Structure formats: C-alpha cells, structure tokens
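Asks: Next come a sequence and a model predicted from it.
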Amino acid sequence: MEGIAEEQTVSTTEANDGPLGGDKETNAEYINTSVPDPPQLDNERTVSPSRSAVSMPLSKSFYSRSPNRDLESPGSQAILDEDLVKAQKKLDIDIDSDSGWDTDLEVEDDIKDDFDSTGRTTYLDTCKQLGIVPVSYFLRHIQDPQIRMKHHGLGPLGAKACAIPLVTNTSVLSLDFEDNCIEGDGGKFIADMLKENCYISDLNLAMNKLGSTGANAVGNMLENNTTLKSVNLSGNGFGDKDAEPFMLALKNNYRLKDLVLSHNQFSEVGGEFIGEAIASNDTIERLDLSWNHLRLKGAIAICKAMSENNSIRCLDLSWNGFGNEGALAMGQALKFNKQLVDLDLTNNRITNEGALAISKGLEQNDTLKVLRIGKNPITAAGALAILMAIKNNLQSVLGDVRLTDILITKEFEDLLKEILEERPNLKVEHGGRGGYGYKRREVEGNRHPIDPMAHLLDYIQKNNLRLLDLFQRFDKDKSLSVSRAEFKQGIQSTGIPLSNEQLEELLNQLDKDKDGEIDYGELVLGNREQIKKDRERQINTINQIKDLQQKEANKKKLLTMDDLNIKKEDLSDAAWVDRDHRENMIDEGLEAVRSQNKVEVMS
C-alpha cells in the first residue's frame, strides 16, 4: 500500500474542491493516477490466440481510480484489483460477442434473415399484394438459366408479379412468356424490368396481344438495352403505326441479332418504317416478317433496304403480298447484296414476270444458299427461268430451291439432270412429275395414305394413354414444351413405326409457329386437326356409299327406250342438237309415259 500511495500525486486544490468535498464544477482532472499494469493478471489469465490476433488496449477508464474512492483507506488495493478483474472480464465478453467493434460491414441479424437472394419471397409477397395465385413453375425455375412459361394465362398482373423479382435476378438468361395474354400493360412491366436486368439475352413475348402500348414500351426498351440478342414479338396485333418504335430501336440497338415480327398487320406504311430500320442497322442477322400485309411501297422499301444491308443472313417474307413489283425490287437487291443466305418468298402472289426478275438477280448473286418461292402462281416457264439462272451463274452457291406446288415440264427435268451432273448436292423441290429432292406419295385406287399423326393417335389409343401422358414422357423439365430433337427422340423411343420422312412431316405439322419447339398446345391442335380430317374422310366415304346406292336404285327405275318412245336412229340423229333440245326430248318422253300410266290407272 505504501508503494502505491507514494506514486499517487493528488492536487491539494483538487482534493479539497473535488467531489470528495469541493465544488462539482471544478472536478475536471480531479485525480491524476498513474497505475502500473498489474503483474498478477498476466500470471492468472492466459490470452487465447484468437483474442491475441485481434488484441485491443484497454481503455483509460479501466486504469483510472474512481473519484469517490479513498485511495489512502485500508483495502484500497484490493478494491482496485477487483475493478481491474471486472474490467478485464467485461472486455472478454465484448471480444466474444463482437458488440464492442465498430465497422461499416456490420449487418443486423434481422436484415440477414430477411434478405431473399432467390427472389421467391419477393414473388410470393408481390402475388399476395396483387391478389393473384403464384405460379409454381416460376418458383421452381426462378434460379434456372431458362424460364419457359408458354400458355400459363398470366395476364398483366401475372407478368408484373414475375417482373419484380427478375429485376435483380442474375440466373435467368432466357425468358419465354409466349401466349400468356399479358397485353400492353404486361408488356410494359416486362420492358421496365429489362431496363434494369442486364443478364437476359433471349426474350419471347409472342401471341400476347401487346398492341400499341406494348410496341411503344418494348421499342423504347430496345433503344437502350445492350444484352438482348433474340426477341420474338410475333402475333401481337401490331399495325403500321407500331412499326415506328421498332424502327427507332433498330437504329440505335447494335446488339440484337434475331428479331421476329411475324403474324402482325404491317402493310405499306409499316413496311416503309421497317425498310428504313433495315437500311440503318448492321447487326441483325435474322429477320422474320412473314404473315403480314407487306405489299407495294412497303415491299419495295424493304427490298431496296436489302441492297444496302450487310448483316441480315436469313430473311423470311413468306405469306405477304409482294407481287411482281416486290419481286422486281428483290431481284435488283440480289445483285448487290453479299450477305443474304436464306430467302423465303413463299406465297407472295408472284407470277412468271416476278420469277423472271428474281432469276436476273440470281445470275449475279454468289451468296444465297436457300431460296423458297413455292405456292406462288408461277408456271413451268417461271420455274425454268430460275433453274436456267442457276446454270448460267458459275459462282452460284444455291443448294436448296423450293418450288413447292409449282408444276414442271419434261424440259425442266432434262435441264435439272444436266445441272445435277455438275452440282450433285443441289436439291430442288417442286410440285409435278415426282422431281428430284421431292417424293410424291402414291395413292392406290381410293386408299388414303396413312398420316403420321394418325400413327401417333393410334399408338395412344392402343396403349390406353392420354395425349398429356405421352407428352410428359418427352417433357423432362415439365415446361409443357420440348425441342424438335427431343420430340423426335421420344417418338422413336416409343417404337411407333414412322420413317424419318414421316417424322419430319409430323414435326412440320405440329410446329405451327416454326420456332423449333413443340409445346403441348400445338400437340392438342394437331390432334384436333387429325380428328377433323378423319371425320371429313368418313363423311366423304358415307356420301360415296350413298351415291352408289342411289345409282343402283336409279338403275332399277331406269326407263327403257321403248318407254320413252325414242328409236335408236332418232337418238343417233339427235347427236348434233344442243343440250336443251335433247333434254326437251327426254322430258316429252317422260310426260308421254306418265300420261299412259295415268290412262291405265283410270281404266
């Protein structure tokens, strides 16, 4: 005690005026105590390695005497030692609990528990707020690279509920919301989400009735989006005025590679907008404009733009109304375009005049590999002009020419044989005389060829299956959609007797939208079409039987020449008279027979 007392220096003024009896206002720095580190603590306690790694010096307050304590009273050393031990224990507790640390990295426990890294909780909460039923498929696949939700009936609110958790989602790369009737408002929700999400690169909003509202929202989003590479907007009721947002988007977007705008209502004005977009964009590689109303000025604008475009490799213009004017413009474009590989002009009201114009372009083109120009009112002369252009162009790389439903002549066949000797890989499909690369199905008598869909339905019936049961065998991820390869592999695994040609025909029948996927809705539609075909065939068979029965009945009631009172020589002499005169002769004969029968009955 004496050693410690000697080291303590207490100011007389502070001792007299401090809290021990003086004024409280003058108690600052009332004690200046110098206390050495107690050696007994080092001896009594061993600091663990974990604590030594994060060692922190004790605070001054742990070494300072309380101003209310009499340092010279007996037992003051014991009290001091007790304070030091308590202080050290408090420090141990603080180190163990991390409560004494101050850092920006701290996260409260309740925040850790509430954080939703998957987005499932956010989706469920949003559905609850909107008053809609959550989609279990979305919950299961929200962390998958691909979400395929065709035909789920989401509606605008369902699209909003899905869009909110996708804003921060980093797993989904492909989003397929085809045929969900999300309408314009739903399209706006998805577009707003894609302004923030920078991971989704493949988007399918086909058959959703987006209309003008959706067109403006999606077009505005595409102007600034830098991640989307493929967008499908087919079947959304877009009109001419809705083509302008997409024109502005394609002028500014240099990431998009694949754009589908088929099954809409773009006409002349819409075609002009699209033509302007094609001329200014140099990144689009595949453009599908099939099943629109493109014609006249719109068709010419698109063809003119193709002569300047240097990126589009696949252009689908089938089922429009290009006519000969559009064909003439396309023939000019083929002379200058050096990128187009696949061109589809199926069913565009192109006649021989248009076919001749296209053949002129083919004579100078050295990049086009596939040409589809079938189902047009082209005769054998137009088909021959196209084939002659292929022969005359030694630099031509055309390997697939589709002249579907166009009849040919012997001259065409001879020329094709000559070309095949030099280009054995050339495939030409046409509609007459069998042809090369096209095999007609032969019908013997009244027998109908068995449709591949009929084979499929027969297998389902024999095995007591439902259509859904068979589809679920192929649909491993339960998305109600499978690829063509998966469907083909599944059919082959069932043992249904279909050749490769029949399998391809079946896939073409079912894949209505030509997106490379067979979904359950398309299978159901194929089933209905087959039932309709079978019913029509049965009705035709019944009608044929009735006709035969009627003919047999008529034979029994057929009047003889004597009944009609007509001699054979009179009939031969009457061969020169017109049809009305012959019918009058027969009517007069019938009237004579009826009169005779009436007289006999009366008598």
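Replies: In hand now; what should we look at?

Asks: Pass me the low-pLDDT residue ranges in the stretch 151-300 of the chain, would you?
Replies: Applying pLDDT under 70 to the stretch 151-300 of the chain flags no residue at all.

Asks: gap between the nearest residue to Leu467 once chain neighbours are set aside and Phe177?
Replies: Once flanking residues are discounted, Leu467 sits nearest to Asn527: 5.8 Å by C-beta to C-beta, 6 or more residues apart in numbering. The way it works is simple: take the backbone N, C-alpha and C, and place the C-beta from them, glycine included. With the distance defined as C-beta to C-beta, to the nearest Å, Asn527 ends up 25 Å from Phe177.

Asks: cool, and Leu233?
Replies: Distance, Leu233 to Phe177, using C-beta to C-beta: 11 Å.

Asks: what residues are shared contacts of these two?
Replies: Shared contacts of Leu233 and Phe177 (C-beta atoms under 8 Å, 6 or more residues apart in numbering): Leu205.

Asks: hang on, Arg286 packs against Leu256?
Replies: No. In this structure, Arg286 is not within contact of Leu256 by C-beta atoms under 8 Å, at 10.0 Å.

Asks: Comparing those two, which residue is more hemmed in?
Replies: More crowded of Arg286 and Leu256, by other C-beta atoms under 10 Å: Leu256, with 21 against 17.

Asks: Am I right that the more buried one is in contact with Asp282?
Replies: No. Counting by C-beta under 8 Å, Leu256 does not reach Asp282; the two are 11.3 Å apart.

Asks: what's near enough to touch the residue nearest to Phe336 when sequence neighbours are not counted?
Replies: Distance criterion C-beta to C-beta, 6+ apart; nearest residue to Phe336, sequence neighbours excluded, is Ser307 at 4.4 Å. With contact taken as C-beta under 8 Å, 6+ apart, Ser307 is in contact with 332-333, 335-337.

Asks: just the buried members of those?
Replies: 332-333, 337 (16 or more other C-beta atoms under 10 Å).

Asks: What is the nearest of the residues you listed to Asn543?
Replies: Ala333 (50.3 Å; C-beta to C-beta).

Asks: Which positions within the helix or strand Arg528 falls within qualify as buried?
Replies: Arg528 belongs to helix 520-557 when assigned by DSSP states H and E. By 16+ other C-beta under 10 Å, the buried positions in helix 520-557 come out as 520-523, 526-527, 530.

Asks: do the same with stretch 416-428
Replies: 416, 419, 426, 428.

Asks: Can you say which helix or strand has the first one in it?
Replies: Just to be clear, that refers to Leu416. Counting by DSSP H and E, Leu416 is part of helix 410-422.

Asks: cool, the last one as well?
Replies: With elements delineated by DSSP H and E, Val428 resides in strand 427-430, which encompasses its position.

Asks: ok, then the element right after that strand?
Replies: Next along from strand 427-430, by DSSP H and E: helix 452-462.

Asks: That following helix: which residues count as buried?
Replies: Across helix 452-462, burial judged by 16+ other C-beta under 10 Å covers 452-453, 455-457, 459-460.

Asks: Run through the strands of this structure in chain order.
Replies: With DSSP state E as the criterion, the chain has strands at 146-148, 174-176, 202-204, 230-232, 258-260, 286-288, 314-316, 342-344, 370-372, 400-403, 427-430, 481-483, 517-519.

Asks: Contacts for the third one next, please.
Replies: Read that as strand 202-204. 146, 173-178, 190, 194, 228-232, 515.

Asks: could you redo the last one with a cut-off of 6 Å?
Replies: Strand 202-204 is contacted from outside by 174-176, 178, 228, 230-232, using C-beta atoms under 6 Å, 6 or more residues apart in numbering.

Asks: What is the most widely separated pair among these?
Replies: Counting by C-beta to C-beta, the most remote pair of the contacts of strand 202-204 is Glu178 and Leu228, 15.9 Å apart.

Asks: picking up where we left off before, from the buried residues of helix 520-557, which is closest to Glu276?
Replies: Distance to Glu276, by C-beta to C-beta, is smallest for Glu522 among the buried residues of helix 520-557, at 34.9 Å.

Asks: Contact partners for the closest residue to the closest one other than its chain neighbours?
Replies: The shortest distance from Glu522 to any non-neighbouring residue, by C-beta to C-beta, 6+ apart, is to Leu510 (5.0 Å). By C-beta under 6 Å, 6+ apart, Leu510 lies in contact with 518, 522, 526.

Asks: If I look at the last one, what pLDDT would I see?
Replies: The predicted structure scores Gly526 at 80 on the pLDDT scale.

Asks: Could I get the pLDDT score of the closest residue to it other than its chain neighbours?
Replies: Using C-beta to C-beta, 6+ apart and skipping the chain neighbours, the partner closest in space to Gly526 is Leu510 (4.8 Å). Confidence at Leu510, expressed as pLDDT, is 84.

Asks: Ok, Gln544 next?
Replies: Gln544 is given a pLDDT of 71.

Asks: again with Asp519
Replies: You'll see Asp519 listed with a pLDDT of 83.

Asks: The one 10 residues further on too?
Replies: pLDDT, the model's per-residue confidence, is 82 for Glu529.

Asks: swap in Asn597?
Replies: 50.

Asks: same question, Glu82
Replies: Glu82 carries a pLDDT score of 67 in this model.

Asks: same thing with Lys478?
Replies: 79.

Asks: Near it, how many residues? Count them for me, please.
Replies: Lys478 has 11 nearby residues by other C-beta under 10 Å.

Asks: How about the contacts made by it?
Replies: Applying C-beta under 6 Å, 6+ apart, we find Lys478 in contact with no residue.

Asks: Next: the one 4 residues further on.
Replies: If you count contacts by C-beta under 6 Å, 6+ apart, Val482 has them with 474-475, 518.

Asks: Then Val341?
Replies: 313, 369.

Asks: And Leu420, how close does it get to Lys410?
Replies: To Lys410, Leu420 is 16 Å away according to C-beta to C-beta.

Asks: for Gly399, same thing?
Replies: 24 Å.

Asks: same deal with Arg148?
Replies: Counting by C-beta to C-beta - Arg148 and Lys410 are separated by 50 Å.

Asks: Between these two, which is the more surrounded one?
Replies: Higher neighbour count among Arg148 and Lys410: Arg148, with 21 against 9, using other C-beta under 10 Å.

Asks: hang on, that one packs against Leu480?
Replies: No. Look at Arg148 against Leu480 with C-beta atoms under 6 Å: they stay out of range, at 7.9 Å.

Asks: Quick check, pLDDT for Gln489.
Replies: Per the predicted model, pLDDT is 83 at Gln489.

Asks: Could you pull up the residues touching it?
Replies: For Gln489, no contacting residues are found, by C-beta under 6 Å, 6+ apart.

Asks: redo that, cut-off 10 Å
Replies: Contacts for Gln489 (C-beta atoms under 10 Å, 6 or more residues apart in numbering) come out as 474, 482-483.

Asks: Using CSV, please lay out those together with pLDDT and distance to Ala159.
Replies: Shown next, in CSV, are the contacts of Gln489 (pLDDT from 0 to 100; distance: C-beta to C-beta, whole Å):
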residue, pLDDT, distance to Ala159
Phe474, 82, 28
Val482, 84, 24
Ser483, 86, 25
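
Asks: Which member of those residues is positioned nearest Ile182?
Replies: Ile182 has its nearest neighbour among those in Val482, at 23.3 Å by C-beta to C-beta.

Asks: got the contact list for the residue nearest to Ile358 when sequence neighbours are not counted?
Replies: Distances taken as C-beta to C-beta, 6+ apart put Gly331 closest to Ile358, at 4.8 Å, once the chain neighbours are dropped. Each residue near Gly331 by C-beta under 10 Å, 6+ apart is listed here: 303, 354-365, 389.
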